[in-house]
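S.K.: Sequence below, structure please.
(one chain, ligands or ions: 1)
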Amino acid sequence: MAEAMIEFQSVTKQYQSGQAAVDDLTMSIDKGAITVFVGPSGCGKTTSLRMINRMVEPTSGTITVGGQEVTSVPAATLRRSMGYVMQSSGLMPHRSVLDNIATVPRLNGVPKAEARKRAQELLDVVGLASALGKRYPSQLSGGQQQRVGVARALAADPPVLLMDEPFSAVDPVVRDELQQELLRLQRDLAKTIVFVTHDIDEATVLGDKVAVFGLGGKLAQYAAPEEILRAPANDFVASFVGRDRGFRHLGFSPSDGITVHRARTITPAELEHDGNAAGEWQLVVDDDLRPLGWSGPGKGPATVPGGSLFRKGDTLRRALDAALSSPSGFGVAVDADGRVAGVITAGEVLAVIESDRRVRQGVL
Ligand SMILES: Nc1ncnc2c1ncn2[C@@H]1O[C@H](COP(=O)(O)OP(=O)(O)OP(=O)(O)O)[C@@H](O)[C@H]1O
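M.R.: Okay, the predicted model is just below:
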């Protein structure tokens with residue numbers, strides 16, 4: 001079993017009379033893993049996060065971090081010992097990017113030159129060009145500001161990182177990049193990360209475990225993301241994870257069971273010379289067998305753009321998407337070098353899904 005880093009024991013927060021913001025929360029957060037708090041607006045995610053570093057004090061119950069009760073540590077010391085990233089990057093506008101990143105180490109007494117050197121290294125860690133260090137926050141894009149926010153939170157090398165909707169103010173493409181960067185960073189850093197979002201897709205992409213909060217600040221389900229998609233604990237969780245959950249769950253199923261078959265291929269030169277005389281879809285490939293697109297039956301020399309590709313080891317979701325997005329109806333599998341390994345239809349992917357299901361249920 002994973003080692004616990006943060007423990008909530010019967011924690012309740014009541015701001016004023018009436019409904020609690022967080023209601024009797026008991027949960028254990030694994031060390032070195034990403035735990036995501038997800039749920040609709042107002043269900044107590046941020047309040048729960050902020051109680052970890054005492055930005056908010058519980059009305060009752062206890063929270064321990066690394067075995068130590070948080071109330072036994074002065075709030076300012078505790079806050080400095082954890083990285084904190086929020087939605088608006090929270091950077092100080094009149095300080096350079098480097099000085100922003102160096103803030104906590106400086107407060108902890110690290111000499112200026114050393115703190116700046118570390119800040120410079122961190123720019124690289126979060127994927128920013130070192131020249132950006134001299135700029136002011138307003139001279140950066142939203143995505144770059146969030147990266148600086150992450151660098152600043154990492155500056156003192158804290159074991160715990162608290163992240164409150166850090167990527168929700170950027171556009172979907174940048175958001176996707178930031179999520180992938182965080183996962184890459186986490187592979188090296190293995191921090192204990194608590195991440196708040198209201199987006200179930202973000203939660204399932206990032207979380208080793210996902211805590212779904214319900215209205216009234218109650219924990220509705222706490223489990224691995226694939227379990228939440230496969231077996232929501234109640235109607236509230238089922239409706240929160242949404243109608244596509246069956247499809248999204250395919251994102252956790254390996255495509256090992258898939259057998260691809262040979263595609264009929266044609267090179268651009270052959271196509272130019274003879275057109276598509278075969279009367280069926282042909283995959284247009286270069287001399288190294290890399291896919292270039294499709295040639296439709298009776299469509300002359302034109303090449304139609306292909307759909308998404310999938311590789312060995314990808315999930316069933318990617319395999320199915322490859323088939324569904326392909327103009328020919330054949331999803332293209334490529335090897336590690338990007339060469340065509342074969343094709344598969346959506347019907348064949350569905351047959352694998354169905355047979356996996358029957359095996360799981362012990363029918364076969
Ligand atoms: N400082 C405060 N004073 C009074 N009530 C508060 C305060 N902060 C939060 N609340 C209330 O506590 C409840 C939980 O708020 P919280 O911000 O933790 O929810 P959340 O799930 O993070 O929501 P969101 O996704 O909208 O940020 C809400 O009803 C909110 O109005």
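S.K.: tally of neighbours for M86?
M.R.: 18 (other Cβ atoms under 10 Å). For every residue, glycine as well, the C-beta is placed using N, CA and C.
S.K.: Quick check: bridge partners of the residue lying closest to it once chain neighbours are set aside?
M.R.: With sequence-adjacent residues excluded and distances taken as Cβ to Cβ, 6 or more residues apart in numbering, M86 is closest to D164, at 4.6 Å. With DSSP bridges as the criterion, D164 is bridged to M86, V196.
S.K.: Test my guess that D164 contacts S88.
M.R.: No - D164 lies out of contact with S88 (Cβ atoms under 8 Å); the separation is 10.1 Å.
S.K.: Which of these two has more residues huddled nearby?
M.R.: Legend: neighbour count by other Cβ under 10 Å for D164 and S88, higher for D164 (20 against 12).
S.K.: Return the residues of the stretch 101-250 of the chain in contact with the ligand.
M.R.: H198 (Cβ under 6 Å from any ligand atom).
S.K.: Output the longest helix belonging to this structure.
M.R.: Longest helix in the chain, counting residues (DSSP state H): helix 172-189.
S.K.: Show me what counts as buried in that helix.
M.R.: Neighbour-count burial for helix 172-189 flags 174-175, 178-179, 181-182, 185-186 (criterion: 16 or more other Cβ atoms under 10 Å).
S.K.: do the same with stretch 129-136
M.R.: For stretch 129-136, a neighbour-count test (16+ other Cβ under 10 Å) marks 132-133 as buried.
S.K.: Tell me who's in contact with the residue of the stretch 101-250 of the chain found nearest the ligand.
M.R.: Ranked by Cβ to the nearest ligand atom, the top residue of the stretch 101-250 of the chain for proximity to the ligand is H198, at 4.9 Å. Taking Cβ atoms under 8 Å, 6 or more residues apart in numbering as the criterion, H198 is in contact with 38-41, 45, 165, 168.
S.K.: re earlier: would you mind extracting the C-alpha trace of the longest helix of the chain into CSV?
M.R.: Only the C-alpha atoms of helix 172-189 are listed here, as CSV (Å, rounded to 0.1, in the frame of the first residue of the first chain):
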residue,chain,number,x,y,z
PRO,A,172,-7.4,24.2,-24.4
VAL,A,173,-4.2,23.6,-26.5
VAL,A,174,-1.9,25.3,-24.0
ARG,A,175,-3.8,23.6,-21.2
ASP,A,176,-3.1,20.2,-22.8
GLU,A,177,0.6,21.1,-23.1
LEU,A,178,0.8,22.2,-19.5
GLN,A,179,-0.8,19.0,-18.3
GLN,A,180,1.7,16.9,-20.3
GLU,A,181,4.5,19.0,-18.9
LEU,A,182,3.3,18.5,-15.3
LEU,A,183,3.2,14.7,-15.9
ARG,A,184,6.7,14.8,-17.3
LEU,A,185,8.0,16.8,-14.4
GLN,A,186,6.3,14.6,-11.9
ARG,A,187,8.0,11.5,-13.4
ASP,A,188,11.3,13.0,-12.3
LEU,A,189,10.3,14.9,-9.2
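S.K.: Cool, thanks, talk later.
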